[in-house]
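Q: Give me a model of this one.
(one chain, ligands or ions: 2)
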Amino acid sequence: MSYAKEIDTLNQHIADLNGNINVSFEFFPPKTEKMEETLWASIHRLKVLKPKFVSVTYGANSGERDRTHNVVKSIKQETGLEAAPHLTGIDATPEQLRQIAQDYWDSGIRRIVALRGDVPANYQRELFYASDLIELLRDVAPFDISVAAYPEIHPEAKSAQADLINLKRKVDAGANHVITQFFFDVESYLRFRDRCASIGIDAEIVPGILPVTNFKQLQKMSAVTNVKIPSWMNKMYEGLDNDPTTRNLVAASIATDMVRVLSREGVNDFHFYTLNRSELTYTICHILGARPA
Ligand SMILES: NC(=O)C1=CN([C@@H]2O[C@H](COP(=O)(O)OP(=O)(O)OC[C@H]3O[C@@H](n4cnc5c(N)ncnc54)[C@H](O)[C@@H]3O)[C@@H](O)[C@H]2O)C=CC1
Ligand SMILES: Nc1nc(=O)c2c([nH]1)NC[C@@H]1CN(c3ccc(C(=O)N[C@@H](CCC(=O)O)C(=O)O)cc3)CN21
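A: Ligands and ions are numbered 1, 2, ... in the order given. Next up is the predicted model:
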């Protein structure tokens with residue numbers, strides 16, 4: 001097929017889907033008043049796209065956990081959207097985690113993104129893995145549980161196979177929704193999805209899409225997360241360090257190409273790492289056919 005014909009086919013495929021996709025959006029608790037405004041403007045802008053749920057991240061300390069809870073509560077109250085807190089096994093005892101989970105359940109929260117969490121430097125405690133957390137949550141209440149997966153392998157995993165088995169363990173422990181680490185090499189996602197299917201992971205492997213507006217920060221992130229930045233991407237962001245407008249348009253272009261191909265490969269669910277902004281995510285969802293209800 002010619003490239004021109006391929007592009008036409010990709011776009012027609014999306015048109016034929018008629019907006020029949022599921023999206024979810026990830027936010028983080030704001031640290032300043034200005035960031036708080038940005039967050040809420042984004043939530044209100046994106047809510048009309050009827051996400052299946054939104055999630056709110058959390059860092060490894062109890063102050064942050066309260067912030068996560070407050071944002072989740074406010075989103076539920078102000079928008080009626082399902083809001084899922086991230087919960088990690090870092091810096092809390094199993095007893096504390098049980099209490100937190102019970103409090104979440106009692107306040108009407110039905111979905112949790114269960115993670116081990118990033119391990120802080122000089123962390124002394126024994127690690128409480130995501131699979132341990134899932135077992136604990138299952139014991140508290142019948143939550144819907146989302147977990148993380150790594151198409152390009154988690155940096156601390158002993159091997160690709162060990163990492164895959166860990167994901168299987170998480171699903172077997174009761175996770176029913178899988179979100180991937182962000183990636184830019186679509187082939188690596190597709191291979192990973194095949195490998196998940198081949199070991200009997202039957203949950204949807206939802207791609208995590210990161211529209212890259214801050215390329216410098218991404219370079220740092222990708223070094224610690226083991227995510228490959230294709231060399232063409234370095235070229236794309238060349239000369240844009242002081243040009244946020246063009247960076248935004250480039251970010252939309254890259255992410256749009258990705259979701260077009262993913263859609264053609266049968267992906268109907270997309271999770272967006274919004275970084276509390278709405279513009280890019282809204283545009284990409286629009287191109288995927290999502291429309292205000
Ligand atoms: N916000 C999000 O959706 C995402 C967050 N992350 C972050 O990545 C970090 C890792 O969290 P998870 O993926 O939930 O961790 P996890 O517990 O599933 O795995 C963490 C690492 O430990 C290994 N591992 C798991 N169980 C083990 C065991 N029993 N013995 C030895 N090794 C074991 C895994 O292969 C992996 O390398 C978290 O900080 C999370 O916040 C990563 C991707 C997406
Ligand atoms: N290991 C790991 N830890 C995480 O917390 C994490 C993941 N992976 N993967 C999935 C999401 C993606 N996360 C991200 C991704 C990018 C930025 C980032 O570029 N932050 C910029 C701000 C950019 C902006 O505001 O536009 C920064 O300067 O921190 C932050 C968190 C958080 N999540």
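Q: mind listing the helices for the stretch 101-250 of the chain?
A: All helices of the stretch 101-250 of the chain, identified by DSSP state H, counting those that start in this stretch, fall at 130-140, 160-172, 186-198, 215-225, 231-236, 244-264.
Q: how much does the longest one deviate in direction from helix 215-225?
A: Direction vectors for helix 244-264 and helix 215-225, defined by axes from the mean of the first three to the mean of the last three C-alpha atoms, to 10 degrees, enclose an angle of 50 degrees.
Q: List the contacts of the next helix or strand after helix 244-264.
A: Counting by DSSP states H and E, the element after helix 244-264 in chain order, helix or strand, is strand 269-273. Under the contact criterion C-beta atoms under 8 Å, 6 or more residues apart in numbering, strand 269-273 has outside partners 21-26, 52, 179-180, 182, 204, 206-211, 259, 262, 281, 284-285, 288. The way it works is simple: take the backbone N, C-alpha and C, and place the C-beta from them, glycine included.
Q: which among these end up buried?
A: Those of the contacts of strand 269-273 that meet the buried threshold are 21, 23-26, 52, 179-180, 182, 204, 206-211, 259, 262, 281, 284-285, 288, by 16 or more other C-beta atoms under 10 Å.
Q: ok, and of those residues, which contact ligand 1?
A: Filtering those for proximity to ligand 1 by C-beta under 6 Å from any ligand atom leaves Ile179.
Q: Return the subset of the buried ones among the contacts of strand 269-273 lying in strands.
A: Judged by DSSP state E, strands contain the following of those: 23-26, 179-180, 182, 206-209.
Q: Reformat these as a markdown table; add pLDDT.
A: Below are those laid out as a markdown table (pLDDT from 0 to 100):
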| residue | pLDDT |
| --- | --- |
| Val23 | 98 |
| Ser24 | 98 |
| Phe25 | 98 |
| Glu26 | 98 |
| Ile179 | 98 |
| Thr180 | 98 |
| Phe182 | 98 |
| Val206 | 98 |
| Pro207 | 99 |
| Gly208 | 98 |
| Ile209 | 98 |
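Q: Just want the angle from the helix or strand containing Arg65 to strand 22-27.
A: Using DSSP H and E, the element containing Arg65 is helix 62-79. Helix 62-79 and strand 22-27 are oriented at 130 degrees to each other (the same axes, to 10 degrees).
Q: does any part of the helix or strand of the chain with the lowest mean pLDDT sit near ligand 2?
A: The least trusted helix or strand in the chain, going by mean pLDDT, DSSP states H and E, turns out to be helix 62-79, with a mean of 90. No. Helix 62-79 lies apart from ligand 2 when judged by C-beta under 6 Å from any ligand atom; the minimum separation is 11.6 Å.
Q: what about the helix or strand following that helix, distance to the chain center?
A: Toward the C-terminal end, the helix or strand that comes next after helix 62-79 (DSSP H and E) is strand 83-88. Here strand 83-88 is found 12 Å from its chain centre; the criterion is C-alpha atoms, centre = their mean, to the nearest Å.
Q: Pull out the CA atoms of stretch 175-194 and give them to me as PDB.
A: Extracted in PDB, the C-alpha atoms of stretch 175-194 (Å, rounded to 0.1, in the frame of the first residue of the first chain):
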ATOM      1  CA  ALA A 175      -6.100  -6.200  38.900                       C
ATOM      2  CA  ASN A 176      -8.600  -5.800  36.100                       C
ATOM      3  CA  HIS A 177      -7.100  -2.900  34.200                       C
ATOM      4  CA  VAL A 178      -3.600  -2.400  32.900                       C
ATOM      5  CA  ILE A 179      -2.000   1.000  32.000                       C
ATOM      6  CA  THR A 180       1.400   1.100  30.300                       C
ATOM      7  CA  GLN A 181       4.300   3.300  31.000                       C
ATOM      8  CA  PHE A 182       4.500   5.900  28.300                       C
ATOM      9  CA  PHE A 183       6.400   4.900  25.100                       C
ATOM     10  CA  PHE A 184       7.300   6.300  21.700                       C
ATOM     11  CA  ASP A 185       8.200   3.100  19.900                       C
ATOM     12  CA  VAL A 186       4.800   1.800  18.900                       C
ATOM     13  CA  GLU A 187       6.300  -1.500  17.800                       C
ATOM     14  CA  SER A 188       7.500  -2.200  21.300                       C
ATOM     15  CA  TYR A 189       4.000  -1.700  22.700                       C
ATOM     16  CA  LEU A 190       2.500  -4.000  20.100                       C
ATOM     17  CA  ARG A 191       5.100  -6.700  20.800                       C
ATOM     18  CA  PHE A 192       4.400  -6.300  24.500                       C
ATOM     19  CA  ARG A 193       0.700  -6.700  24.000                       C
ATOM     20  CA  ASP A 194       1.300  -9.900  22.100                       C
END
